[in-house]
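[1] My questions are about this predicted structure, shown below with the sequence.
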Amino acid sequence: MSNIDVMSANAIRVLAADAIQKAKSGHPGLPLGCADIAYVLWGKEMNHNPKNPDWRNRDRFILSGGHGSTLLYSLLHLFGYGLKKEDLMQFRQMDSLTPGHPEYRHTKGVEATTGPLGQGMAMAVGMAMAEKHMAAKYNRDGYKVFDHFTYVLGGDGCMMEGISSEAFSLAGTLGLGKLIVLYDSNNITIEGSTDIAFAEDVEKRFEGFGFQTIIVENGHDMDAIAKAIEQAKACEDKPSFIMFKTKIGKGCPAKEGSAKAHGEPLGDENVLALKENIGWPSTEPFFVPDEVYANYASLAENGAKAEDAWNKLYAEYCAKYPELKKAIEDDFNLDIAKDLINNEEYWKFEDKAEATRKLSGMALNRVKEYVPGLFGGSADLAPSNISDMKNEPFFSKEDGTGRNIHYGVREQAMAAIANGITLYGLRGYGATFFVFSDYTKPMARLASLMKIPTAFIFTHDSIGVGEDGPTHEPIEQAAMWRALPNFHMFRPCDATETLAAWYSAVTSKNTPTGLVLTRQNLPQIAGSSKDALKGAYVIQDSEKATPDAIIIATGSEVSISVKAKELLKAEGIDVRVVSMPCMDLFEEQSAEYKESVLPKSVRARVAVEALSDFGWGKYVGLDGATLCMEGFGASAPQNLLFEKFGFTAENVAAKVKSVLK
């Protein structure tokens, strides 16, 4: 590489060090250690166009080690993605475009919100799966309209986190040849040398996963870096893993190779020493020579030319295959299912008792006909979750066209991969038991932060699991999901509400959805309606203008509450039953609507749910009560468990009467 290449890589180091020093907060070790890798990748190997960050056939880059965000921000500034020098100066400050960890939809050029280590690794697998899927569906001879790589960069921490092993095991099985993992192997973590807790042969692990493995002994040799990436790109039948042996804090004499370079500013004197050591032409903070900016502008223009060539190819493709052009646009159309709200066929169901997991399977197989971008599966539980799309192939190494995914027993990777698929522009979903939703929480949290509409199917939703016992009976999980901002957790009571939950999931643009579904059969309830889309509604009302009391219930407990209403009516007590399938959506409604459902004048309220009572206080108030689980479940037939724990119409009625007293 030339001198201008060396200076351009060092510009990343200088900007990162200056931004962190000005903020007096940040992680300089990764940006300094990976500057050479990043420069070669973005400048010589990646297809990307700063003038159009959303170019469909761009190569994707995910910084899994999100703490090293100044590496990415420096690249986005130097390549002209819209980040100004002033933005770098506002690193980690209020309302800046340069927060502590990269945030999707906040800063142009950021492909995913990262920070929790390993997450970016798994999301990259999802993006690579989406690329393979679209290429298999739509590429034709002479027209590779989906033909790009997914690169993900992370360090030792990302490799230690279990989610990365889950995801890469699947990636190798699926032969994702367009996935390239860049491993910043500097042997340093916050507590010191990795030898204290991480002595495994990572290369051998990736060989076992089915990756092509490449080692670059000097991760600062730009020629060797370029050669390794070229070798990785040439391997079509396996994902590639490149181990770059680097020095954390490269270039800073006092901290290079030390854990002290990881997570604290270098210090004013060490920043000056860094600049002197690399021969930087100025000590002025954030100074970059004009010739370096010119080099980056030239490299960026190569990206623009690459997109121009693709646009020409795609125009020819669309002219030759107009039906495929429409199909591609349909796959990426997040509004495509909206008309289902008035589609009578979609809302039909048989008037018989059925488990909502089975009704969910019915709904899924209806929406998949209208949402061609739906792409997902289960963590080895599809027969129980009823989560596969009928008459659709399974995605595999041999067949990328499949819309169904065998995730294997990998709930964490499943959730992150589904996020990666959604980030790509399709609609990713995953499925598991509700009690195992604990495994998916960190990934769903990122979906909520990123404002992406990933869907999660959670079946076996309560003590109704029965004989499997307390290890498989969720109790506190609903409270966890309701506490998560920007997440719609539906617990439907029957067919109409289940269809509404799916409609909400596949029309959402900015919010992930959890569908919490029963194992046991539930009756169809008179009064159930599309008003479930408002989160809560009056499913059966009192004959009085002001009801004596209100019962609020979800899921399997709604039918029990309706029976309790009948018992109370026989005793001269007239109550309203409110079904609340989604607290989050109810909170999004107007104050007037919420008052119409839960009038403040009615203080006698009982919430009924075979889960923890945490969170119900805001709806029942000081004068109300809850009938919920106060501990774990047990192993027995579900009907006996509901009786044991008090989820009977008689007990609900008794609870209402106790409140009225």
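    In hand now; what should we look at?

[2] Make sure residue 576 is indeed in a strand.
    Yes - judged by DSSP: H, G, I helix; E, B strand; the rest coil, residue 576 forms part of a strand.

[3] tell me the SS of the residue nearest to it when sequence neighbours are not counted?
    Leaving aside its chain neighbours, residue 576 sits nearest to residue 547 (4.1 Å; criterion: Cβ to Cβ, 6 or more residues apart in numbering). The C-beta positions use only the backbone N, C-alpha and C, and glycine is treated the same way. Here residue 547 is recorded as coil under three-state DSSP.

[4] Please apply the same query to the one 4 residues further on.
    On the three-state scheme (three-state DSSP), residue 551 is labelled strand.

[5] quick one: contacts for it?
    Residue 551 makes contact with 561, 564-565, 575-578, 605-608, 652, 656 under the criterion Cβ atoms under 8 Å, 6 or more residues apart in numbering.

[6] ok, now residue 609?
    478, 491, 553, 554, 555, 557, 616, 626, 627, 628.

[7] quick one: which of the residues you listed has the most company?
    Neighbour counts for those were taken using other Cβ atoms under 10 Å; the highest belongs to residue 491, with 32 neighbours.

[8] Contacts only, for it.
    Residue 491 neighbours (Cβ under 8 Å, 6+ apart): 461, 478, 516, 554, 555, 581, 582, 609.

[9] and the second one, how far is that from residue 62?
    Read that as residue 478. 32 Å (Cβ to Cβ, to the nearest Å).

[10] One more: the first one?
    Computed as Cβ to Cβ, the residue 461 to residue 62 distance reads 33 Å.

[11] returning to that earlier point: and for the residue nearest to residue 576, the neighbour number?
    The burial count for residue 547: 23, using other Cβ under 10 Å.

[12] With distance to residue 174 added, can I get the contacts of residue 491 in JSON lines?
    Formatted as JSON lines, the contacts of residue 491 follow (distance: Cβ to Cβ, whole Å):
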{"residue": "461", "distance to residue 174": "31"}
{"residue": "478", "distance to residue 174": "33"}
{"residue": "516", "distance to residue 174": "29"}
{"residue": "554", "distance to residue 174": "38"}
{"residue": "555", "distance to residue 174": "35"}
{"residue": "581", "distance to residue 174": "35"}
{"residue": "582", "distance to residue 174": "34"}
{"residue": "609", "distance to residue 174": "39"}
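
[13] out of the residues you listed, which are inside strands?
    Counted as lying in strands by DSSP state E, out of those, are 516, 609.

[14] how does the chain divide into domains?
    3-305, 338-522, 534-660 (automatic domain parsing).

[15] TSV for the ones you listed, including distance to residue 316?
    Listed next are those as TSV, based on distance: least, Cβ to Cβ, whole Å:
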stretch	distance to residue 316
domain 3-305	7
domain 338-522	22
domain 534-660	45
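
[16] With mean pLDDT and distance to residue 330 as new columns, can these be given to me in JSON lines?
    Converted to JSON lines, the domains of the chain look like this (pLDDT from 0 to 100; distance: least, Cβ to Cβ, whole Å):
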{"stretch": "domain 3-305", "mean pLDDT": "97", "distance to residue 330": "11"}
{"stretch": "domain 338-522", "mean pLDDT": "98", "distance to residue 330": "5"}
{"stretch": "domain 534-660", "mean pLDDT": "98", "distance to residue 330": "27"}
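
[17] returning to what we had before: who has more neighbours, residue 461 and residue 62?
    Neighbours were counted for residue 461 and for residue 62 using other Cβ under 10 Å; residue 461 has more, 31 against 27.

[18] show me what contacts the more buried one?
    By Cβ under 8 Å, 6+ apart, the contact set of residue 461 is 356, 434, 474, 491, 516, 517, 518, 519, 555, 556.

[19] Likewise for residue 191?
    Applying Cβ under 8 Å, 6+ apart, we find residue 191 in contact with 197, 259.

[20] where's it relative to residue 76, distance?
    Taking Cβ to Cβ, one finds residue 191 at 31 Å from residue 76.

[21] Quick check: chain neighbours aside, which residue is closest to residue 563?
    residue 649 (3.6 Å).

[22] Count the residues that sit near the closest residue in space to residue 67 that isn't next to it in sequence.
    In space, and not counting its chain neighbours, residue 67 is closest to residue 27: 4.2 Å by Cβ to Cβ, 6+ apart. Using other Cβ under 10 Å, residue 27 has 25 neighbouring residues.

[23] right, and residue 27 touches residue 16 too?
    No - using Cβ atoms under 8 Å, residue 27 makes no contact with residue 16, being 9.1 Å away.
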